[in-house]
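Student: next input, structure requested:
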Amino acid sequence: MPPIFHADHPLRIFFFSGLITISALVYVGVELGTAALLVATILILVEVMFSFDNAIINAKVLATMSKFWQTMFITIGILIAVVGMRLVFPILIVMITAGLGAGEVIDLALNQPQLYSERLEDSKVSISSFGGMFLLMLCLHFFFDPSRKIRWISVIERPLQRLGKWWTYALTSFVILLALSLAPFNDHQTDTLFAGILGIVTYITVHGLAELFTRKQMMDEGSSKAVVRTGMAGFMSFLYLEVLDASFSFDSVIGAFAITQDVVLIAIGLGIGALWVRSLTIFMVRKKVLHAYRYLEHGAHYTIGILAAFLLSGIFIHIPEAVAGVTGLIIVGLSIASSIRASRRDRGVTS
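Tutor: Numbering: from 1, shown residues only. The predicted structure follows:
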């Protein structure tokens with residue numbers, strides 16, 4: 001364990017998140033009462049628990065980025081996540097779908113939260129289709145990757161890798177989107193198709209550019225191994241992480257209205273939760289958690305696939321967010337347990 005003031009010490013990593021959490025909860029308790037304090041605490045816990053897989057994927061990408069871009073992710077990135085996604089984004093969505101001005105939407109959010117919630121719910125099809133297809137692309141890209149050496153559930157993963165080509169995951173995602181859009185019981189076919197295509201194109205563009213600039217950097221540096229992403233490669237990786245965070249947060253923003261109609265409490269609860277997810281990401285990078293638990297990344301991608309399925313199912317039926325969250329936590333837990341057993345088995349073989 002490093003000294004308490006060392007950058008890698010857990011207390012140092014989680015100090016800022018803890019300080020903001022305590023300060024915000026004290027404010028809520030004093031100004032809004034104990035009932036509001038309980039609601040804010042629940043929102044924080046829900047956001048952290050249900051975004052654990054987000055932190056895992058973030059850690060994988062962040063570990064490849066330079067210190068500068070890691071710092072940008074921690075500072076500017078958290079402002080985008082908290083202020084942009086949890087506060088500004090819902091307002092923009094209502095502005096676009098309801099055709100209202102910013103002032104009118106803000107007035108709705110503060111003075112008529114029930115109507116604001118209904119307006120936001122009206123846009124759920126587009127949000128679910130965009131977020132669902134983006135996450136589905138991420139999931140399938142991982143499992144169709146033929147170069148991946150480690151497999152957790154071989155009976156599922158080996159056949160997918162055999163089918164893996166550079167275009168397979170995109171084609172599969174588009175076929176699924178087409179089936180969902182043309183389903184006779186889909187009352188929002190155009191919205192589903194348009195938003196889903198946007199999700200697919202966004203993933204291909206942002207992730208593809210990040211990989212392109214990384215390969216260019218490797219060529220410039222004359223390296224055949226992975227390099228620390230700087231410059232445009234680092235920027236595109238940063239942008240990819242922000243879009244990824246957005247895809248994870250869509251459902252939680254809408255689902256939060258099932259817990260409370262108070263937009264201030266929602267912004268505080270989900271914002272602090274997002275802050276803890278960032279701290280968890282940093283902890284995983286500095287402690288090399290993905291190296292210690294070999295199947296943790298697999299568990300996260302299975303969870304992402306389930307979340308994508310829940311988001312896309314939300315186009316037709318309502319599924320409580322808790323179902324997806326609890327299922328994901330179980331899968332991640334199983335992947336950790338499998339990783340521990342595999343490590344013990346390896347030690348037994350070598351000893």
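Student: quick one, strands of the protein?
Tutor: Across the chain, reading from the start of the chain, there are no strands by DSSP state E.
Student: low-confidence ranges, it, go.
Tutor: Across the chain, residues meeting the criterion (pLDDT under 70) sit at 1-8, 97, 223-226, 251, 258, 349-351.
Student: the longest helix in it is where?
Tutor: Ranked by residue count under DSSP state H, the longest helix found in the chain is helix 189-221.
Student: that helix packs against which elements?
Tutor: Helices and strands in packing contact with helix 189-221 are listed as helix 124-143, helix 168-182, helix 231-255; criterion 3 or more C-beta pairs under 8 Å, 6 or more residues apart in numbering; DSSP states H and E. In short, each C-beta sits where N, CA and C put it, glycine included.
Student: which one of those is the most hemmed in?
Tutor: Among the helices and strands packed on helix 189-221, helix 124-143 has the highest mean neighbour count (mean count of other C-beta atoms under 10 Å), at a mean of 25.
Student: what's that one packed up against?
Tutor: Using 3+ C-beta pairs under 8 Å, 6+ apart, helix 124-143 sits against helix 154-163, helix 168-182, helix 189-221, helix 231-255, helix 296-313.
Student: try it again with 7 Å
Tutor: Identification of packing neighbours for helix 124-143 by 3 or more C-beta pairs under 7 Å, 6 or more residues apart in numbering; DSSP states H and E yields helix 168-182, helix 189-221, helix 231-255, helix 296-313.
Student: out of these, flag the one nearest residue 66.
Tutor: helix 231-255 (5.4 Å; C-beta to C-beta).
Student: tell me what the closest one is packed against?
Tutor: helix 52-62, helix 67-74, helix 76-79, helix 124-143, helix 189-221, helix 321-350.
Student: nearest to residue 344 among the helices and strands packed on helix 189-221 would be which one?
Tutor: Distance to residue 344, taken as C-beta to C-beta, is lowest for helix 124-143 among these, at 25.6 Å.
Student: in CSV: the helices and strands packed on helix 189-221, plus distance to residue 279.
Tutor: Conversion of these to CSV gives the following (distance: least, C-beta to C-beta, whole Å):
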stretch, distance to residue 279
helix 124-143, 22
helix 168-182, 31
helix 231-255, 14
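Student: nearest to residue 158, of the helices and strands packed on helix 124-143?
Tutor: Using C-beta to C-beta as the measure, helix 296-313 is the one of the helices and strands packed on helix 124-143 that comes nearest residue 158, at 12.7 Å.
Student: okay, buried residues for the closest one please.
Tutor: Buried positions in helix 296-313, judged by neighbour count with 16 or more other C-beta atoms under 10 Å: 296-312.
Student: could you check the angle helix 321-350 makes with that helix?
Tutor: Put simply, helix 296-313 runs at 160 degrees to helix 321-350, going by axes from the mean of the first three to the mean of the last three C-alpha atoms, to 10 degrees.
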